[in-house]
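*Asks:* Give me the fold of what follows.
(2 chains)
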Amino acid sequence: MQFGYVSPEQIMKDRADYARKGIARGRSVIVIQYAGGILFAAESPSPSLHKISEIYDRIAFAAVGKYNEFENLRQAGVRLADLRGYSFDRVDVSGRALANVYAQTLGTIFTQDPKPYEVELVVAEVGQTLDEDQIYRITYDGSVAADSGFSVMGGAAEQVGRYVSEHFTSGASLDGSLRLAVDALGRDTDEPRQLATASLEVAVLDRERPRRTFRRITQPMLDSLLDRGASEAGSDGTGD
Amino acid sequence: MDVSRIGSLPAAFLNPGTSSFTEFLRQYSPELLPGNRLPAGADPGGLAPHGTTIVATTFTGGVVMSGDRRATSGNVIAQRDIEKVFQADEYSAVGIAGSAGIATEIVRLFQLELEHYEKIEGTVLSLEGKANRLSHMIRGNLGLAMQGFVVVPLFAGFDRGFEGGRIFSYDATGGRYEEHQFYSVGSGSYFARGALKKLYRDDLTVDDAIAVTIQALYDAADDDSATGGPDLQRHIYPIVAVVDGDGFRKRDEAAVAEIVESVVSSRNTRPDGPVAPLR
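*Replies:* Numbering: from 1, shown residues only, chains lettered A, B, ... in the order given. Okay, here's the model as predicted:
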């Protein structure tokens, strides 16, 4: 309970601080363009609680922050995309429209609900060519940014993002981009870590695939893309 | 509800709960459900064209489903090149006979239902689960079926536990029956089934199985005016789908044309088709 006068600036600042703190607790997620599509990489302690998911034929979703909140938004996004595709046509479902709806929703929640959502999202849509790819980042207060090339969210987003921007080249190969993403995810502390493939969640929107372009990259394939032997990787290669 | 004018996500989208798209549609936008826009008590006889014969047969390691290309409206051929066999998802196919408009809408919703479940839950339904979903959807169409818009699907898929193809048939009330070896639905199905009975054997290869379905469709078209035979002049051939361990794929037209032509040319010498041994 607050007593007395609190300025709107102060209320907004408190809410933003609260949301930012929640988001900063989690590990980072990287979304990065490569020649053949868009790559998503995250460090995820659980193989089944996904931070990266398919929304529609050419659209995927990545999130950091509070799981129940972004999972809720993800399901709503799938419903919206499927509803639009069903009432119009599959080509009429766009990432931009979805990013707008997410922005409106998060903006409303930020100003009107007792507690803002502690989430940050990326909605990415793979185009026919590299130039047509779209990456939208939506923050807890409903701001939208269209990122070009790559997008980093989560705990050490600044540090990780700096590393990615130093090494990013447009139109790189899948394994090159994957290596960069995995290296960058390990730079969230002062001492660089090497992440085990078992703790990685990786997926791509593959430009060349017909219709549903989203594909998870499971551990055996991750190992071969990263040139890692089975002994280094540990654990078994299950995934979906 | 106008989908193009959604600004902020309405509460229905954010409610946790169902992973069924149909269920969601029923709550949020029921006017989009198949048949919900039709007035009760209307007599729609002859309003919509009818699709006809679908046949399916298993082979070692999978299942083949084929459908003729004709839609009829009374005694008139409404469409010569309609497609009635569809991919349901990665490992299953669905064919439809009956009222064409409602049937294609049910198929569209069924395809989306499977995809929606997969995306929301992060896992695919079992083959039985898919077959049961379709059963619910056909049952939901019962009111329309009683007005004359009957839709009878045939569902077939590859069962990963069982490592083979399975076939499910339905009645208009949504009753679901597993069929063994082969089955056929639609107006020409009696004739097709007769042919399937004589031509089916346990060691069919995929190409044999395709030939069996083409022969069966030929026999259906031979005796049922609503089933279209292969149209060699217009190059319109049956749609043939194969589902096996590698998933669903539609046989390309050139490959089907080759089999169709060999079937048709053998019928030049014996119009009633291959002879089955007497004992």
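*Asks:* how about the most centrally placed residue in chain A, what does it touch?
*Replies:* With distances taken as CA atoms, centre = their mean, A:A62 lies nearest the centre of chain A, 2.6 Å away. Residues in contact with A:A62 (CB atoms under 8 Å, 6 or more residues apart in numbering or on different chains) are A:V29, A:V31, A:F40, A:A42, A:K51, A:I52, A:S53, A:L121, A:V122, A:A124, A:M153. Placement of C-beta: from N, CA and C, glycine included.
*Asks:* try 7 Å
*Replies:* A:A62 makes contacts with A:V29, A:V31, A:F40, A:A42, A:K51, A:I52, A:V122, as judged by CB atoms under 7 Å, 6 or more residues apart in numbering or on different chains.
*Asks:* which among these gets closest to chain B?
*Replies:* Minimum separation from chain B among those (CB to the nearest CB) is found for A:I52, which lies at 10.9 Å.
*Asks:* tell me the contacts of the closest residue to the closest one other than its chain neighbours?
*Replies:* Of all residues not flanking A:I52 in the chain, A:F40 sits nearest, at 4.4 Å (CB to CB, 6 or more residues apart in numbering or on different chains). Applying CB under 7 Å, 6+ apart to A:F40 gives the contacts A:V31, A:I52, A:A60, A:A62, A:V202, A:A203.
*Asks:* Identify all residues paired with the fifth one through a beta bridge.
*Replies:* A:V202 forms beta bridges with A:A41, A:I217, as assigned by DSSP bridges.
*Asks:* can you count the residues close to A:Y5?
*Replies:* Residues within reach of A:Y5, counting by other CB atoms under 10 Å in any protein chain shown, total 6.
*Asks:* make that B:E31, sorry
*Replies:* Using other CB under 10 Å, B:E31 has 9 neighbouring residues.
*Asks:* That one and B:L25, how far apart?
*Replies:* Separation of B:E31 from B:L25 (CB to CB, to the nearest Å): 9 Å.
*Asks:* now swap in A:I30 and tell me
*Replies:* Using CB to CB, A:I30 is found at 35 Å from B:L25.
*Asks:* neighbour-wise, which of those two wins?
*Replies:* Under the criterion of other CB under 10 Å, the comparison of A:I30 against B:L25 puts A:I30 first, with 29 against 24.
*Asks:* Surely the more buried one forms part of a strand?
*Replies:* Yes. Looking at A:I30 with DSSP: H, G, I helix; E, B strand; the rest coil, it is inside a strand.
*Asks:* On the C-terminal side of the helix or strand containing A:S53, identify the next helix or strand.
*Replies:* Taking DSSP states H and E as the definition, A:S53 sits inside strand A:52-56. Remark: after strand A:52-56, the chain's next helix or strand is strand A:59-65, criterion DSSP H and E.
*Asks:* Report the distance from that following strand to the chain centre.
*Replies:* 4 Å (CA atoms, centre = their mean, to the nearest Å).
*Asks:* what does stretch B:24-37 give?
*Replies:* Worked out by CA atoms, centre = their mean, stretch B:24-37 lies 23 Å from the chain centre.
*Asks:* can that stretch be found next to chain A?
*Replies:* Yes. Using CB under 7 Å from any CB of the partner chain, stretch B:24-37 reaches chain A at B:F24, B:S29, B:L32.
*Asks:* what sits against A:T111?
*Replies:* Counting by CB under 7 Å, 6+ apart, A:T111 has no contacts.
*Asks:* tell me the secondary structure for it?
*Replies:* From three-state DSSP, the assignment for A:T111 is helix.
*Asks:* about what we covered before: would you list the residues of stretch B:24-37 next to chain A in a markdown table and tack on secondary structure?
*Replies:* What follows is the residues of stretch B:24-37 next to chain A, written out as a markdown table (three-state DSSP):
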| residue | secondary structure |
| --- | --- |
| B:F24 | helix |
| B:S29 | coil |
| B:L32 | helix |
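*Asks:* Need the CA coordinates for stretch A:64-73. CSV is fine.
*Replies:* Provided in CSV are the C-alpha atoms of stretch A:64-73 (Å, rounded to 0.1, in the frame of the first residue of the first chain):
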residue,chain,number,x,y,z
VAL,A,64,13.5,-14.6,-21.4
GLY,A,65,12.2,-13.9,-18.0
LYS,A,66,9.4,-15.5,-16.0
TYR,A,67,8.4,-18.8,-17.6
ASN,A,68,4.7,-18.8,-16.8
GLU,A,69,4.3,-15.3,-18.2
PHE,A,70,6.1,-15.8,-21.5
GLU,A,71,4.5,-19.2,-21.9
ASN,A,72,1.2,-17.6,-21.6
LEU,A,73,2.1,-15.1,-24.3
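*Asks:* does the residue nearest to B:P16 when sequence neighbours are not counted sit in a helix or strand, and which one?
*Replies:* Spatial nearest neighbour of B:P16, excluding adjacent residues (CB to CB, 6+ apart): A:N72 at 6.4 Å. Taking DSSP H and E as the criterion, A:N72 maps to helix A:67-87.
*Asks:* Run through who's touching the helix or strand containing B:A12.
*Replies:* Per DSSP H and E, B:A12 falls inside helix B:11-14. The contact list for helix B:11-14, computed with CB under 7 Å, 6+ apart, reads A:N72, A:A76, A:R79, A:L80, B:Q27, B:Y28.
*Asks:* Buried residues in it, which are they?
*Replies:* Within helix B:11-14, the residues that count as buried by 16 or more other CB atoms under 10 Å in any protein chain shown are B:F13.
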